[in-house]
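A.B. asks: With the sequence up front, the predicted model follows.
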Protein chains: 2
Amino acid sequence: MNYELDKTFAALADPARRAMVERLVQGPASVSELARPLPMSLPAVMLHLKVLEESGLVTSRKDGRVRTCRIEPKMLSQAEQWVSERRRMWERNLDRLGQFLDEEKP
Amino acid sequence: MNYELDKTFAALADPARRAMVERLVQGPASVSELARPLPMSLPAVMLHLKVLEESGLVTSRKDGRVRTCRIEPKMLSQAEQWVSERRRMWERNLDRLGQFLDEEKP
């Protein structure tokens, strides 16, 4: 069991946090850049950022007065891998079922 | 914005529900088959199943006394697509950054 994925998927279960990830996959951004397109206050954005950081999807560092946020690719890859493998397993099972039904044909 | 993904990622943010998805990608299963390996009561499993059904990841149908559960591949694919695209966008951005740094070299 990979309990890290609990926090990663929970972090992705919110449209504002997905929007922040969408922005950050294009490159690092300050908190105010992240907040600009979002229909919420800066403190609300900071709370979402906290959830993203705790999930391991994002890191941030304060340089002077500016906090710069970055994607941490490891957890994004782990989430991708989990979902992709399950989707592939499902397809393989479907193929096997199709084969079985073909062989059973009179 | 795809709000369907809110429920899909939230559904995947729990180890018991991920275990149920893992089982179901191998093929349909009854609720008691899903419950067998899980360290929890049948009512707890039913609650997790409800979350999975509301997320669109799983469907179930009652035939007589047995409720059979199945993967609904659409939302699994949507979740996969969202994460895979973001991971690829992040890699493309990294490539562009690498190119830029190469070109800036004296």
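C.D. replies: That came through, no problem.

A.B. asks: Who are the packing partners of the helix ranked longest in chain A?
C.D. replies: Determined from DSSP state H, the single longest helix within chain A is helix A:73-104. In this structure, helix A:73-104 packs against helix A:4-12, helix B:15-24, helix B:73-104, with contacts taken as 3 or more Cβ pairs under 8 Å, 6 or more residues apart in numbering or on different chains; DSSP states H and E. Backbone N, C-alpha and C define where each C-beta goes, glycine included.

A.B. asks: Output these as TSV; include the columns mean pLDDT.
C.D. replies: Putting the helices and strands packed on helix A:73-104 into TSV (pLDDT from 0 to 100) gives the following:
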stretch	mean pLDDT
helix A:4-12	96
helix B:15-24	97
helix B:73-104	89
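
A.B. asks: could I get those helices as TSV with distance to B:Leu47 and mean neighbour count?
C.D. replies: Listed next are the helices and strands packed on helix A:73-104 as TSV, based on distance: least, Cβ to Cβ, whole Å; neighbours: other Cβ atoms under 10 Å in any protein chain shown:
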stretch	distance to B:Leu47	mean neighbour count
helix A:4-12	17	21
helix B:15-24	10	20
helix B:73-104	19	15
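
A.B. asks: Distance to B:Ser32 added to these, as TSV?
C.D. replies: Rendered in TSV, the data for those read as follows (distance: least, Cβ to Cβ, whole Å):
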stretch	distance to B:Ser32
helix A:4-12	25
helix B:15-24	12
helix B:73-104	23
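
A.B. asks: Need the three-state assignment for A:Arg67.
C.D. replies: Using DSSP: H, G, I helix; E, B strand; the rest coil, the structure places A:Arg67 in strand.

A.B. asks: ok, it - how many residues close by?
C.D. replies: The number of residues packed around A:Arg67, counting by other Cβ atoms under 10 Å in any protein chain shown, is 16.

A.B. asks: On the pLDDT front, check it for me.
C.D. replies: Taken from the predicted model, the pLDDT recorded for A:Arg67 is 94.

A.B. asks: and what of the one 3 residues further on?
C.D. replies: Looking at A:Arg70, its pLDDT stands at 96.

A.B. asks: How about the contacts made by it?
C.D. replies: Under the criterion of Cβ atoms under 8 Å, 6 or more residues apart in numbering or on different chains, the contact partners of A:Arg70 comprise A:24, A:28, A:58-61.

A.B. asks: And A:Thr59, by the same measure?
C.D. replies: Neighbour list for A:Thr59: A:53, A:69-70, A:72 [criterion: Cβ under 8 Å, 6+ apart].

A.B. asks: what's across from the nearest residue to A:Lys62 once chain neighbours are set aside in the sheet?
C.D. replies: Spatial nearest neighbour of A:Lys62, excluding adjacent residues (Cβ to Cβ, 6 or more residues apart in numbering or on different chains): A:Thr68 at 7.8 Å. Using DSSP bridges, the beta-bridge partners of A:Thr68 come out as A:Ser30, A:Arg61.

A.B. asks: list the contacts for A:Thr68?
C.D. replies: A:28-30, A:60-62.

A.B. asks: again, only using 7 Å
C.D. replies: Contact analysis of A:Thr68 by Cβ atoms under 7 Å, 6 or more residues apart in numbering or on different chains lists A:28, A:30, A:60-61.
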